[in-house]
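Asks: Dropping a prediction and its sequence here:
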Amino acid sequence: MIRFVVPLIAIILFYLEPVFGLFSPLELNGEYRYLIPRFLIMYLIFISIYYSRNRAMVYGLVFGVLYDVFFIDIIGLYSFLYPLICLIASFIVKYIHQHLLVTTTLSLVLVALLEFALYYFFSLIGLTDISLSVFVFERLLPTMIANSIFLIMLGWAFKYVISARLIQRLNQPS
Amino acid sequence: MPQFFSNKRLILLLVGVIFLVALISFSLRDRDNASLPEQIIKDVVGFGQAIFSKPTQYITGVFDNVDSLLNTYEENKRLKGRLEEFAKLQADVNDLASENTRLREIVDKEEDLREYDPIQATVIARNPDQWEEKVVLDKGEVHGVKVNMAVITARGLIGKVILTTPFTSTVELLSTQNPNYRVSAMVAGEKEVFGLIEGYDDERKELILKRVDSNIEIKKGQKILSSGLGGIFPKGILIGEITEVTTDDFGLTKMAYIKPAAEFALLDHVMIAERTMTTEDGTDGDTLNEDDSTEEEDAP
């Protein structure tokens, strides 16, 4: 049963992202703040750290392609960045302690990295011309705050589900 | 480190990067239609997305209702004040409308640029990364949606359809940075003045109206409507209000900043306007070249 829970959560998070996207941009004191939900990639980072790197990269590729085709019509952007982020996560985690607090911080740092990569990509192809400081204050900071709230609330649940699956797999006679 | 950059992985990485660049450049060029696999993915994902967004809209609807309930007293007072004014306006409008139909009958002209069939649609998703201003609607080709149709809310124009699949359609909002995005517009007044909505000022959060004849006087506070001369949009959809008039970079034509009438945040129910009169791929579409635009300016 738990076998299907891991991908199921990924699917739910994938669908929840645009739903939360509907609430953005927020207007605060006449200034717009963009909250960009990055639930799925944080979950994939957790899978990559606690479960299996390859599994995380496959999920990253599949959901990346779906994301590219459905939302942004630039195929190859997220389908490359999602697996790459998972790969970096699994690479870094070999050198650090796997405490929940540490992995949460790591996930957030990687999300910020993803945001920066996307900012430079979209500046490169000319879809946006906002300056770096505007990007940091209008997009990056609100996004990081929103996503850290999400991860602090649900990070332990991710870890719980993923470890349950891992234990089940280890117990299975192969 | 040595494990991370083994030969096999390095080659895989390089091939991946080349493949990636090829894919991105393939998908970045101007495409009118989504390819078949894309359409299938879009429809399947769109179906799931609709399931997820319906309950959310219900919940936000409840919050909105509570919110408006709290404001009822204030609003009621204000509306009562406007009611008398409204009755007079209504009478005027009826009078003018009937006169218009009568005159039309006299000159034997039935079709009108203003008429359109609305297709009701629900926003099922907003591009979550918000770099491009796109939303996805739950109506597609089978419901009669076509590329480049105008998308409006009760308050005004919000964007146009840029991509359709059988059951979904993607809308690019007016607040996009896309330089190929134009809407043929006019300044409402005693004499109609034509121009093109080109571009969006991200810092002022206002649209930019360009190519207005510099001899013509336009003022702050005038309303901007769609002109219907771009070939696809119906005439007379409210776009916004002028907040500032300046000259353009070359000093040849006037340009104006326009505060959009519609809100681009928190969209839920929208209408796709299908013009009843024949449509033609003009300024509102993607095929504009410079000649077309100058012709349009010279129009009456």
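Replies: Everything's here; your move.
Asks: which residue ranges form the strands in the stretch 1-150 of chain B?
Replies: Counting by DSSP state E, counting those that start in this stretch, the stretch 1-150 of chain B has strands at residues B:116-126, B:134-137, B:150-153.
Asks: Say whether chain A is contacted by the last one.
Replies: If I follow you right, that is strand B:150-153. No - Strand B:150-153 does not reach chain A (C-beta under 8 Å from any C-beta of the partner chain); its nearest approach is 14.1 Å. C-beta here means a position set from N, CA and C on the backbone, and glycine is covered the same way.
Asks: Remind me what that strand packs against, helices and strands.
Replies: Where contact means 3 or more C-beta pairs under 8 Å, 6 or more residues apart in numbering or on different chains; DSSP states H and E, strand B:150-153 is packed against strand B:156-164, strand B:269-275.
Asks: if you set the cut-off to 10 Å instead, what comes out?
Replies: For strand B:150-153, the packing partners by 3 or more C-beta pairs under 10 Å, 6 or more residues apart in numbering or on different chains; DSSP states H and E come out as strand B:116-126, strand B:156-164, strand B:169-173, strand B:269-275.
Asks: list the contacts for residue A:157?
Replies: A:9, A:46 (C-beta atoms under 10 Å, 6 or more residues apart in numbering or on different chains).
Asks: Same check on residue A:18?
Replies: With C-beta under 10 Å, 6+ apart, residue A:18 has these contacts: A:37, A:67, A:70-71, B:45, B:49, B:52-53, B:56, B:123-129, B:135-136.
Asks: if we can go back for a sec, redo the strands of the stretch 1-150 of chain B as TSV? Include mean neighbour count and mean pLDDT.
Replies: Formatted as TSV, those follow (neighbours: other C-beta atoms under 10 Å in any protein chain shown; pLDDT from 0 to 100):
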stretch	mean neighbour count	mean pLDDT
strand B:116-126	20	86
strand B:134-137	25	88
strand B:150-153	24	89
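Asks: who wins for proximity to residue A:130 among those strands?
Replies: strand B:134-137 (17.2 Å; C-beta to C-beta).
Asks: in its sheet, what does the closest one sit against?
Replies: strand B:116-126 (antiparallel), strand B:169-173 (antiparallel) (DSSP bridges).
Asks: With distance to residue B:182 added, can I get the ones you listed in TSV?
Replies: Formatted as TSV, these follow (distance: least, C-beta to C-beta, whole Å):
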stretch	distance to residue B:182
strand B:116-126	19
strand B:169-173	12
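Asks: Residues contacting the worst-scoring helix or strand of chain A on mean pLDDT, please?
Replies: When each helix and strand of chain A is scored by mean pLDDT, DSSP states H and E, strand A:26-28 comes last, with a mean of 74. Strand A:26-28 is contacted by residues A:32-35, A:142, A:146, B:205, B:263, B:265-266 when judged by C-beta under 10 Å, 6+ apart.
Asks: For it, which strands pair with it and how are they oriented?
Replies: Under the rule (DSSP bridges), strand A:26-28 has strand A:31-33 (antiparallel) as partners.
Asks: where in the chain is pLDDT low?
Replies: Using chain A. By pLDDT under 70, the weakly predicted segments of chain A are A:173-174.
Asks: looking at chain B here, not the other one
Replies: Along chain B, segments meeting pLDDT under 70 span B:1-5, B:30-34, B:110-111, B:278-300.
Asks: for it, what spans make up the helices?
Replies: B:7-28, B:36-70, B:72-107, B:290-298 (DSSP state H).
Asks: any idea how far residue A:82 lies from chain B?
Replies: Using C-beta to the nearest C-beta, to the nearest Å, residue A:82 is found at 12 Å from chain B.
Asks: which element is that residue on?
Replies: Using DSSP states H and E, the secondary-structure element containing residue A:82 is helix A:78-93.
Asks: how about the next helix or strand after that helix: buried residues?
Replies: Going down the chain from helix A:78-93, the next helix or strand is helix A:100-124, by DSSP H and E. Using 16 or more other C-beta atoms under 10 Å in any protein chain shown as the test for burial, helix A:100-124 gives A:103-104, A:106-108, A:110-112, A:114-115, A:118-119, A:121-123.
Asks: Helix A:100-124 relative to helix A:78-93, how many degrees between them?
Replies: Interaxial angle of helix A:100-124 relative to helix A:78-93 (axes from the mean of the first three to the mean of the last three C-alpha atoms, to 10 degrees): 140 degrees.
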